[in-house]
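>>> fold the following for me, if possible:
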Amino acid sequence: MADQLITGTTLIEDKRNTEFGKIWSCAGINFSGDATAANYDSNGNVIASGGTPRLTAPVSLPHGAVITHVVVYTTGAFAANWELKRVDHTGTSTILASAAANSEDSTITNPTVDNENYQYFIFNTDPSNATVHGARIKYTI
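Numbers count the residues shown, from 1 in each chain. Okay, the predicted model is just below:
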């Protein structure tokens, strides 16, 4: 719920937190996984070459946040698709958002973050011969 401000005798709603939203981001170096030849450069990127690597990055958002947009920035010959997933305590995961590299998804399934019952991560599918530069999630509280 947005903060309330009182001005004179009029109660108005403070929409700063909901109208413009908040942003979570991570550098490519936050992605790790089973890449057979994953290298990290001095610019914070992860470079995956060879094999069929699967890279993941943990996502930490406030409980109750509502995810509105997600994008993963990747370049290279085989810039891969990505998925935002949540996993429950039994290990069952659900895809919340997905798109091609550098494409933003705003159609989020189950957009409200529930840290009591789920953990969240980004999965970059088969980014062989690609450089992952980072990810960005827009959300509201």
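
>>> in this structure, mark out all the strands, start to finish.
Applying DSSP state E to the chain gives strands spanning 4-7, 10-13, 22-27, 32-33, 38-40, 46-48, 54-59, 66-76, 82-88, 93-99, 118-125, 130-140.

>>> quick one: which of the ones you listed is nearest residue 112?
strand 66-76 (5.4 Å; CB to CB). Every C-beta, even on glycine, is put in place using the N, C-alpha and C of the backbone.

>>> can you pull the buried residues of that closest one?
Judged by neighbour count using 16 or more other CB atoms under 10 Å, the buried positions of strand 66-76 are 67-74, 76.

>>> which pair of those residues spans the longest distance?
It's 68 and 76 that sit farthest apart of the buried residues of strand 66-76, by CB to CB, at 27.6 Å.

>>> got the contact list for the most centrally placed residue in the chain?
For the chain, the residue whose C-alpha lies nearest the mean C-alpha position (CA atoms, centre = their mean) is residue 137; its distance is 4.7 Å. Neighbouring residues of residue 137 by CB atoms under 8 Å, 6 or more residues apart in numbering: 23-25, 59, 61, 67, 69-70, 84.

>>> also residue 135?
Residue 135 touches 25-26, 30, 57, 70-73, 82, 122, counting by CB under 8 Å, 6+ apart.

>>> mind putting these in TSV, distance to residue 96 and pLDDT included?
Converted to TSV, the contacts of residue 135 look like this (distance: CB to CB, whole Å; pLDDT from 0 to 100):
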residue	distance to residue 96	pLDDT
25	17	92
26	16	90
30	18	86
57	14	89
70	8	94
71	13	93
72	13	90
73	18	88
82	11	86
122	10	92
